[in-house]
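Undergrad: sequence below, structure please.
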Amino acid sequence: MRELIFPVRHDGEVGLQAQLRAHLVDAIMDGRLQADSPLPSCRRLAYALGVSRNTVVLAYQALAGESFLISRERVGYFVNTDMLEDRAQPKPQAPIQNESGRLTDWRQRLQLHPSDQPQLSKPKNWHQYPYPFIYGQADPDSFPIAAWRQCSRQALGLAAINRWTEDSIDEDDPLLVEEVRTRVLPRRGVRAEADEILITMGAQNALYLIARLLAGPGSTVGVEDPGYVDARNIFALTGARVRPMPVDHGGMVMDKAVRRCNCVYVTPSHQSPTTVTMPMERRVELLETAARHNISVIEDDYEAEANFVSSPTPALKSMDRDRTVVYVGSFSKSLAPGLRIGYLVASASFIAEARMLRRLLLRHPPSNNQRTVALFISGGYYDALINRLQRTYRGRWEAMREALNTHLPDSTRVPSFGGTSFWVRGPENLDAHELAAAALRQGIVLEPGALFFHAAKRPKNYFRLGFSSISTEKIPSGIKEIASLIQKIT
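TA: Numbers count the residues shown, from 1 in each chain. Predicted coordinates for the structure are as follows:
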């Protein structure tokens, strides 16, 4: 019995039968339960674990049905020897050292060291903090669980299973492509054919594909400064020269430096992280400059569905007559970041190459997830979710604006687009990293802003406050606490 004593949680997150099943499989497969060894009686194990006898009976029966256990009438359950026959038994060996007498130094062999790049870090248990002003996370209370479950059940229908259990090689779910083409992109004024759309594993996967195709040693990529950290890091890994492009109240500044770039990465509708929107005149100038000087424009429309303040601003891609724009979209901010479903929109020739590159990396995003998202959109649930989120975010946006005006006046430019964050400028002598550490000790999660700037010049007094995951009623007190901490630090 000793090898079968394991913790069982009664918090409802995972069912007792599922926990018991998982622990038994682990005990069998890692050798704690030997082949053909008997298991305790259902009554005895149930008593030891503090669960009902029926829970143990059902777990034993399920594992017997899948050949982990063998049921012997009037004797009990035994570990099936067949499950362990093909498992190789490792033999301990002394490590072989190289000529220098050292073990393998993988760092010397690696051609890339992504871990050396500056990265944004967020506490994994952010949802346990009272004031999670964290950016990029969805509010679990806003997720339409019932609708999603219904679509998931549909995706488990026989016809759908026959579709997504096949190796699609490099093809996407045609229903999802059609829904993106006819329901999602028109919200942004973008028109595209099916062969101009590629489904990706979120925006980061899309940016990686773009970077591999457009950037490399000898090329120059213009990125906004301050700007999206992951995009800057992805382009830097290609060996391209990453040129910081200044940002003002209208987004990326259109100066002569743009003409010296092979491609530029922009977030025109809702600049990351400053939240400003690029005006129409500058958009026209950017597209004209790109067409005239053979510059590829990468548009990241990362919060496309979060415009609840002003009239909808068409995407830059909607104005792209010369097909110079590669458009990146994602469902991470509207549905859930954990789904990892996004899309690329570009000319058919670019998408064809991106498709083949994606095939070499991961073939295609999971087909079952693609089909579930497609059904979610086609059933009208996505549009309903967007409308509900916009109302929710509008309330939080107003609460945040009012709280910042009260406790940190003149510290931020109110986002005219909407979105789910505020970019805050603290006093000149503020170190936002110190603020973030002190805030975390008070149960407040916020993002220091220094990493958003190019390494050559990083002001320390900026920070970002997200409101997608914090309830409206907590915002005023949370901002008040932050203002109090700033006074103490500075």
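Undergrad: show me what counts as buried in stretch 410-426.
TA: Within stretch 410-426, the residues scored as buried using 16 or more other CB atoms under 10 Å are 411-412, 415, 417-426. Placement of C-beta: from N, CA and C, glycine included.
Undergrad: ok, stretch 102-112 next?
TA: For stretch 102-112, a neighbour-count test (16+ other CB under 10 Å) marks nothing as buried.
Undergrad: mind checking the end-to-end distance for that stretch?
TA: Stretch 102-112 has its terminal residues 22 Å apart, counting by CA to CA, to the nearest Å.
Undergrad: just to revisit the earlier point, which one of the buried residues of stretch 410-426 sits closest to H293?
TA: F417 (28.1 Å; CB to CB).
Undergrad: which helix of this protein spans the most residues?
TA: helix 381-407 (DSSP state H).
Undergrad: against which helices or strands is it packed?
TA: Contact partners of helix 381-407 among helices and strands, from 3 or more CB pairs under 8 Å, 6 or more residues apart in numbering; DSSP states H and E: helix 145-155, strand 421-425, helix 475-489.
Undergrad: next, format these as CSV and append mean pLDDT and distance to R396.
TA: Formatted as CSV, the entries for the helices and strands packed on helix 381-407 read as follows, by pLDDT from 0 to 100; distance: least, CB to CB, whole Å:
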stretch, mean pLDDT, distance to R396
helix 145-155, 92, 21
strand 421-425, 94, 10
helix 475-489, 95, 6
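Undergrad: check the offset of stretch 317-336 from the chain's centre.
TA: 17 Å (CA atoms, centre = their mean, to the nearest Å).
Undergrad: check which residues of that stretch are buried.
TA: Of the residues in stretch 317-336, those with enough neighbours to count as buried (16+ other CB under 10 Å) are 317-320, 324-336.
Undergrad: end to end on it, go ahead and measure it.
TA: End-to-end distance of stretch 317-336 (CA to CA): 24 Å.
Undergrad: so S142 versus A437, what's the distance?
TA: Using CB to CB, to the nearest Å, S142 is found at 29 Å from A437.
Undergrad: so which of the buried residues of stretch 317-336 belong to helices?
TA: Assignment to helices by DSSP H places none of these there.
Undergrad: how about TSV for the buried residues of stretch 410-426, with distance to L49 added?
TA: Formatted as TSV, the buried residues of stretch 410-426 follow (distance: CB to CB, whole Å):
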residue	distance to L49
S411	55
T412	54
P415	52
F417	54
G418	50
G419	48
T420	43
S421	46
F422	49
W423	51
V424	51
R425	56
G426	53
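Undergrad: so which strand or helix has L344?
TA: L344 belongs to strand 342-345 when elements are defined using DSSP states H and E.
Undergrad: who's in contact with D230?
TA: Taking CB atoms under 8 Å, 6 or more residues apart in numbering as the contact definition, D230 lies against L120, Q204, L207.
Undergrad: all strands of the stretch 1-150 of the chain, in order?
TA: For the stretch 1-150 of the chain, applying DSSP state E, counting those that start in this stretch gives strands covering 69-72, 76-79, 131-132.
Undergrad: most neighbours per residue, which of those strands?
TA: When the strands of the stretch 1-150 of the chain are scored by mean count of other CB atoms under 10 Å, the highest mean neighbour count falls to strand 131-132 (a mean of 24).
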